[in-house]
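Peer 1: A structural model of the following input is requested.
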Amino acid sequence: MVKIVEVGPRDGLQNETAYVPLDAKIAFVDALSASGVSEIEVSGFVSPHWVPQLADAEEVFRKISRKDGVVYAALVPNERGLDRAVASRVDKVSVFTAASETFNRKNINTSTEGSIRRFLPVVRGAQDAGLAVRGYVSTAFWCAFEGKIPPETVIGVVERLVDIGIDEVSISDTIGKASPDEVRRLLDRLLPMIPSDRMAMHFHDTYGRGVENVLTSWSYGIRIFDASVGGLGGCPYAPGATGNVATEALVEALESKGVVVGVDLEKLSQARRLLDPFLVDDRRSLPEDGSPACAVCEFSTSDVCCRR
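Peer 2: Now for the predicted structure:
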């Protein structure tokens, strides 16, 4: 059985310049719940100044209709975010780092090791609250700033996440450039050190290889895949990154191989259509003042990075 983690409400919408109203987000999540996906990343408890699309995270969590058997998760970058997440009764929290040092510096203003030390209190606090913790490893194959990322670098990051008690690691092809051969080479190295049931794969479809990479990962025993309905998404601080692999395409590809997915494609399409009145074909640019790190900084309250 495959587990699909629907990241559209968070990873998909965070990059949209046009604000999606609260009621539409609630209806979107409820429709996804009805489609049969196993887990939904509903929102992120980040700075509302830098990611205004997610400023209503508490309200979304409070008003959605939760369905038994569906996990409702959230991105949580710091302890302030964790307090908000716990109060909102999330089932699971996600933290993030990257294999690329440059990406980390540009995105969260610290090194890879610094990012892990920064979210360690979040991991400990979530564990104390009885919540499962996922760790994203961005730029696991290619980086827009550094180019190809050596598998050894990714392995080192994953080892650190396992050491601090991360329950599930999501290996992310952030700019969508990975090839099936590169996926094979990385999984050949990773699977001896982490069980396949603790590893998710997160592909973007910039070069049209997202579905092929999913099928390659499936052949290696991976059963957890991130996807976004309609291919929504893309990292606002990763130049060239387009949307996530579409949930519909992922379901169709797996079912064509005889895999029982348990997701209703028509209900997925209905969920996606709920957003049509609000989405525009645009991308969020880097802030002119301050640092992208302000997006996840617990001290961020103004337009200019305080450098804390």
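Peer 1: by contact count, what packs against the worst-scoring helix or strand of the chain on mean pLDDT?
Peer 2: In the chain, the helix or strand scored least confidently by mean pLDDT, DSSP states H and E is helix 101-108, which has a mean of 92. When contacts are defined as 3 or more CB pairs under 8 Å, 6 or more residues apart in numbering; DSSP states H and E, helix 101-108 packs onto strand 92-98, helix 112-128. All C-beta atoms are positioned from the backbone trio N, CA, C, and that covers glycine.
Peer 1: what angle do it and strand 92-98 make?
Peer 2: Comparing the axes of helix 101-108 and strand 92-98 via axes from the mean of the first three to the mean of the last three CA atoms, to 10 degrees yields an angle of 130 degrees.
Peer 1: in the stretch 151-300 of the chain, which spans are helices?
Peer 2: 151-163, 180-190, 210-219, 247-256, 265-273 (DSSP state H, counting those that start in this stretch).
Peer 1: among these, which is the most enclosed?
Peer 2: helix 210-219 (a mean of 21; mean count of other CB atoms under 10 Å).
Peer 1: which strands or helices does it pack on?
Peer 2: helix 180-190, strand 199-203, helix 247-256.
Peer 1: sketch out the low-pLDDT regions of the protein for me.
Peer 2: 234-242, 281-308 (pLDDT under 70).
Peer 1: tell me what the one helix or strand Gly135 maps to is packed against?
Peer 2: Following DSSP states H and E, one finds Gly135 within strand 132-138. Taking 3+ CB pairs under 8 Å, 6+ apart as contact, the helices and strands that strand 132-138 lies on are strand 92-98, helix 112-128, helix 151-163, strand 168-173.
Peer 1: reformat these as TSV; add distance to Asp197.
Peer 2: TSV is the format used below for these (distance: least, CB to CB, whole Å):
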stretch	distance to Asp197
strand 92-98	15
helix 112-128	19
helix 151-163	13
strand 168-173	9
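Peer 1: nearest to Pro21, out of these?
Peer 2: Nearest of the helices and strands packed on strand 132-138 to Pro21, taken as CB to CB: strand 92-98 at 24.3 Å.
Peer 1: and the closest one, what does it pack onto?
Peer 2: Packing partners of strand 92-98 (3+ CB pairs under 8 Å, 6+ apart): strand 71-75, helix 101-108, helix 112-128, strand 132-138, helix 151-163.
Peer 1: tell me which of those sits nearest to Pro52.
Peer 2: So among these, strand 71-75 is nearest, using CB to CB, at 14.9 Å.
Peer 1: then the closest one to CSV, C-alphas only?
Peer 2: What follows is strand 71-75, C-alpha atoms only, in CSV (Å, rounded to 0.1, in the frame of the first residue of the first chain):
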residue,chain,number,x,y,z
VAL,A,71,-2.8,12.7,9.3
TYR,A,72,-2.9,16.5,9.5
ALA,A,73,0.7,17.9,9.5
ALA,A,74,2.3,21.3,9.5
LEU,A,75,5.7,22.8,8.8
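Peer 1: that strand pairs with which strands?
Peer 2: strand 39-44 (parallel), strand 92-98 (parallel) (DSSP bridges).
Peer 1: pull the residues that contact the shortest one.
Peer 2: Read it as strand 39-44. Contacts to strand 39-44, defined as CB atoms under 8 Å, 6 or more residues apart in numbering, come from residues 3-7, 9-11, 14, 25, 29, 32-33, 51, 54, 56-57, 60-61, 64, 70-77, 81, 90, 92, 94.
Peer 1: need the CA coordinates for it. CSV is fine.
Peer 2: Output in CSV follows, covering the C-alpha atoms of strand 39-44 (Å, rounded to 0.1, in the frame of the first residue of the first chain):
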residue,chain,number,x,y,z
GLU,A,39,-1.7,12.6,5.0
ILE,A,40,-2.1,16.3,4.3
GLU,A,41,0.4,19.0,5.1
VAL,A,42,-2.2,21.6,5.9
SER,A,43,-0.1,24.8,6.5
GLY,A,44,3.1,26.1,8.1
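Peer 1: which elements pack onto the helix or strand following that strand?
Peer 2: With elements assigned by DSSP H and E, the helix or strand that comes after strand 39-44 is helix 57-63. If you count contacts as 3+ CB pairs under 8 Å, 6+ apart, helix 57-63 packs onto helix 22-35, strand 39-44, strand 71-75, helix 79-87.
Peer 1: let's go with 6 Å and repeat that
Peer 2: helix 22-35, strand 39-44 (3 or more CB pairs under 6 Å, 6 or more residues apart in numbering; DSSP states H and E).
Peer 1: list the buried residues of stretch 95-113.
Peer 2: Residues of stretch 95-113 classed as buried: 95-101, 103-110, 112 (neighbour count, 16 or more other CB atoms under 10 Å).
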